[in-house]
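# Okay, here's the prediction I keep looking at, along with the sequence it came from:
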Amino acid sequence: MKNIPLTKLAALSALLLPASLFAVDAPAPTLTLDLSKPVIKFAPTFYGLMTEEINHAYDGGLYAELIQNRQFKDDAQSPVHWSLVGDTASGSSIALDTTQPVNEAQTVALKLEAKPAGGKPVGITNEGFWGVPVKPDTTYRASFFAKGSADAQLRVGIQNTDGTTTYAQTAVTSISSAWKRYTVTLATAKDAPALSNGRFVITTTTPGTYWFSLVSLFPPTFKNRPNGNRVDLMQELVDLKPAFLRCPGGNYLEGNSPETHFVWKQTLGDIAERPGHMGTWGYRSSDGMGLLEFMEWAEDMGAEPVLAVYAGFSLPTKEHRSGTAIPTGDAMKPYVEEALDEIEYVTGDAGTKWGARRIADGHPQPFPLQYVEIGNEDFVGDAKKTYDARFAQFYDAIKAKYPQLQCIATIPVKSRKADVLDEHHYATSVEMMDLAHRYDKFDRHGPKIFVGEWATRELVETAPDGTVNYARMPWSYKQIPTPSLHAALGDAAFLTGMERNADLIVMNCYAPLFVHDNPGAYQWSPNLIGYDSLRSYLSPAYYVQKMFSAHRGDSTVNQTLTGEPKTFFANATIDHAKGAVYVKVVNLAGTEQPLSINLDGVTAVDAEAQAAILTAPTPGAVNSLAQPDNVKPSTTRFSGLGKQFTHTFPANSLTIIELKIK
């Protein structure tokens, strides 16, 4: 996902950007809005989301499963994230066992040699994803495969870290000598504490040998889906009102090798039939978040999927230098068929093979689909420049069967005319200021643009003399899980440019979306939403996204911004149905700045207006689990407005004024 052109990778030093850039000595700028001229309508898909499995975004993040290494495949030598618990001095032990498969997908079991003494329990415990969350008055659903050499009873529960307190517990009786799936519920009391660091346990007081496989624990999920998503994170996404979800996304789609790319057919059906696979960022994926779950995720947000299909190229994420490309022609045909089958699963009816399979999997209606992206970031690692030919083979096959679909290319191609081109931008706030003008004079005769990944990546550093510098964040840097206010304002500056060019840009989405806040859980900074097992928090960049999306309107207004300092950006959009003009002003300077606003082509402007403001005392301010509301929008009302007025905007701020016009 995070591959950047090699020309940019050459400049990875901690470049300090001079504070003098942010000095303001220009006259007060003027924003003139001419509503008498035709406006540019937004594509309905303009604002959306991009996702991939990085930073434990799925397992340990949005996907609500609470057990880490539920398949015992995360390490071939050791049952990582699992431990022996209880009467550990009795000679009991645990070990991986590959001789007792449940089925072809679940090939590894955890073997427990239980030797409890004097009625003391012994068993296994899982630490979860840096803790199993405990919530009061909550019912969890646990399931697992088990068998044993004795007709014994098991106790299943959720405890605190050292096992001195049990918050929920139930019994499973009559363990069979053959594999059997057991499902139980665990309910916490109304006065149970809220904890992020609980643990899950299965114990017995009966000596014997026991095997466990596919051990799972789910809390309540969004819309009560049985293999569903975490409630708080889903609601935070719904609140953004995204029009689309680009999935399964990024390097996770292509894998570190062709053998580890996202094989969607292995992610269907019962989780017991999903083998899982090695992900691209150093940990395995359970594939609990499969193709159907991606589609339902989009559906639950009121969004449509933008489906990315594997295009025969894989890139090791750590090297970012040389990938593996499948030759075009006969060798590529199976992958092209895989993509066509995938589209059929998403959109087909009962008369198609894979449409019928989707119906059997529990979703009778086809999903809406307009866009298919062929591959991911093929501008990196494709030393032999194979993408043009690969794109052509996929493009021809997709258009022949699904002519209504729009095909997205990941780099410019010559062999075919792509419908949409996906561009990715990761830059400092200063670079984002330049990118805000990137599309102003872009070729309008080529493909439409999808800005499929973008974010401001920078470090805010204060020198001994108090000077604030904005340094390029090294690509390996991961000390700040979510961005600062100043980075978010860089995002806002870039968004003004994308909105202004809505005739060209049909979609855009920030990336990455999620990060588990534990330092051992994430590989990339910054990210939009942070969390641990229990809580979540929203970054300043999240609030920028929400503010722009909520004040999008239906069209962008003809506008001219003159006399602006380098750090000042403004844009305006209109909602014709509401009779509202949204004036969006970004001040990246460390001092307040005035702006004169003129509205032409309107009869009148209400004297009062509501405004949303995002700012903080320091540009380096961030949110965190400890301080989730450190940077948060506020609302206020402005007065004395009209067809011409001047307003002074705070330092380091985004302001959106909702003007009522007649």
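Done, it's in.
# ranges for the helices of the stretch 151-300 of the chain?
231-238, 250-254, 291-300 (DSSP state H, counting those that start in this stretch).
# And those: which comes nearest residue 69?
helix 250-254 (18.6 Å; Cβ to Cβ). For every residue, glycine as well, the C-beta is placed using N, CA and C.
# one step back: by mean pLDDT, show me the worst of the helices of the stretch 151-300 of the chain.
Lowest mean pLDDT of these: helix 250-254, a mean of 93.
# Same question for that helix: list its buried residues.
Under the neighbour-count criterion of 16 or more other Cβ atoms under 10 Å, helix 250-254 has 250, 251, 252, 253, 254 buried.
# Stretch 557-566 now?
Those would be 557, 558, 559, 561, 564, 565, for stretch 557-566 by 16+ other Cβ under 10 Å.
# coming back round to it: would you tell me which one of the helices of the stretch 151-300 of the chain is buried the most?
helix 250-254 (a mean of 27; mean count of other Cβ atoms under 10 Å).
# ok, back up a step: so which of the buried residues of stretch 557-566 are in strands?
558, 559, 561 (DSSP state E).
# Check the contact between the second one and residue 35; I expect there is one.
No. Taking contact to mean Cβ atoms under 8 Å, the distance of 9.7 Å between residue 559 and residue 35 leaves them out of contact.
# and the gap between the residue lying farthest from the centre of the chain and residue 510?
Farthest-out residue of the chain from its mean C-alpha position, per Cα atoms, centre = their mean: residue 118, at 49.9 Å. Look at residue 118 and residue 510: by Cβ to Cβ, to the nearest Å, they are 58 Å apart.
# for residue 350, same thing?
38 Å.
# Of these two, give the one with the bigger neighbour count.
When residue 350 and residue 510 are compared for neighbours, residue 510 comes out ahead with 27 against 11, by other Cβ atoms under 10 Å.
# Can you give me every residue that contacts that one?
For residue 510, the contacting residues are 49, 50, 453, 454, 455, 491, 528, 541, 545, by Cβ atoms under 8 Å, 6 or more residues apart in numbering.
# can I assume the second one is in contact with residue 455?
This means residue 50. No. Taking contacts as Cβ under 8 Å, residue 50 lies outside contact range of residue 455: 10.1 Å.
# show me where pLDDT drops low in this structure?
1-27, 318-321 (pLDDT under 70).
# and it, what are its domains?
Domains of the chain are assigned by automatic domain parsing as 1-42+429-447+458-500+550-662, 45-64+224-418, 82-220.
# Give the helix, strand or coil label for residue 331.
State at residue 331, reduced to three classes by DSSP: H, G, I helix; E, B strand; the rest coil: helix.
# do the same with residue 400
Residue 400 ends up helix, using three-state DSSP.
# who's in contact with residue 286?
Neighbours of residue 286 in contact, by Cβ under 8 Å, 6+ apart: 59, 63, 65, 70, 71, 271, 274, 276.
# quick one: which of the residues you listed is nearest residue 659?
Out of those, the member with the shortest distance to residue 659 (by Cβ to Cβ) is residue 63, at 42.4 Å.
# Quick check: that closest one touching residue 225?
No. Under the criterion of Cβ under 8 Å, residue 63 is not in contact with residue 225, lying 10.7 Å apart.
# burial count for the residue lying closest to residue 42 once chain neighbours are set aside?
Counting by Cβ to Cβ, 6 or more residues apart in numbering, residue 42 lies nearest to residue 502, which is 4.8 Å off, once chain neighbours are set aside. Residue 502: 20 surrounding residues under other Cβ under 10 Å.
# Kindly report the same for residue 629.
8.
# Any figure for the gap between it and residue 539?
From residue 629 to residue 539 the distance is 12 Å (Cβ to Cβ).
# Could you do residue 627 as well?
Residue 627 is 12 Å from residue 539, by Cβ to Cβ.
# Could you do residue 360 as well?
40 Å.
# Now do the shared contacts for residue 50 and residue 455.
510, 511, 512.
# Using JSON lines, please lay out those residues together with secondary structure and distance to residue 80.
Converted to JSON lines, the shared contacts of residue 50 and residue 455 look like this (DSSP: H, G, I helix; E, B strand; the rest coil; distance: Cβ to Cβ, whole Å):
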{"residue": "510", "secondary structure": "coil", "distance to residue 80": "32"}
{"residue": "511", "secondary structure": "coil", "distance to residue 80": "28"}
{"residue": "512", "secondary structure": "coil", "distance to residue 80": "24"}
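# for the helix or strand containing residue 421, packing partners?
With secondary structure defined by DSSP states H and E, residue 421 is part of strand 420-427. Packing partners of strand 420-427 (3 or more Cβ pairs under 8 Å, 6 or more residues apart in numbering; DSSP states H and E): strand 406-409, helix 429-435, strand 448-456.
# For residue 640, find the nearest of these.
Closest among those, once you apply Cβ to Cβ, is helix 429-435, at 30.2 Å.
# Flag every buried residue along that closest one.
Buried residues in helix 429-435, defined by neighbour count with 16+ other Cβ under 10 Å: 429, 430, 431, 432, 433, 435.
# Closest one of those residues to residue 261?
residue 435 (30.6 Å).
# residue contacts, that closest one?
By Cβ under 8 Å, 6+ apart, the residues touching residue 435 are 425, 427, 494, 497.
# Look up which residues are beta-bridged to residue 648.
Beta-bridge pairing of residue 648 under DSSP bridges involves residue 594.
# Please list all residues in contact with it.
By Cβ under 8 Å, 6+ apart, the residues touching residue 648 are 592, 593, 594, 595.
# pretty sure the last one is touching residue 32, no?
It refers to residue 595. No. With contact taken as Cβ under 8 Å, residue 595 and residue 32 are classed as non-touching, separated by 11.1 Å.
# Tell me which of these two has more neighbours.
residue 595 (22 against 16).
# Distance-wise, check that one relative to residue 40.
From residue 595 to residue 40 the distance is 22 Å (Cβ to Cβ).
# who does the helix or strand where residue 345 lies touch, helix- and strand-wise?
Per DSSP H and E, residue 345 falls inside helix 333-347. Contacts defined by 3+ Cβ pairs under 8 Å, 6+ apart place helix 333-347 against helix 291-300, strand 304-309, helix 353-360, strand 371-374, helix 387-401.
# JSON lines for the ones you listed, including distance to residue 653?
Output for the helices and strands packed on helix 333-347, formatted as JSON lines (distance: least, Cβ to Cβ, whole Å):
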{"stretch": "helix 291-300", "distance to residue 653": "33"}
{"stretch": "strand 304-309", "distance to residue 653": "32"}
{"stretch": "helix 353-360", "distance to residue 653": "47"}
{"stretch": "strand 371-374", "distance to residue 653": "35"}
{"stretch": "helix 387-401", "distance to residue 653": "41"}
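# most neighbours per residue, which of those?
Ranked by mean neighbours (mean count of other Cβ under 10 Å), the helices and strands packed on helix 333-347 are led by strand 304-309, with a mean of 26.
# just checking, next helix/strand downstream of it?
That would be, after strand 304-309 and using DSSP H and E, strand 313-314.
# Give the partner strands of that following strand in its sheet and their orientations.
Going by DSSP bridges, the partners of strand 313-314 are strand 324-325 (antiparallel).
# Could you check how far the residue lying closest to residue 80 once chain neighbours are set aside is from residue 60?
Of all residues not flanking residue 80 in the chain, residue 74 sits nearest, at 5.2 Å (Cβ to Cβ, 6+ apart). Residue 74 sits 12 Å away from residue 60, going by Cβ to Cβ.
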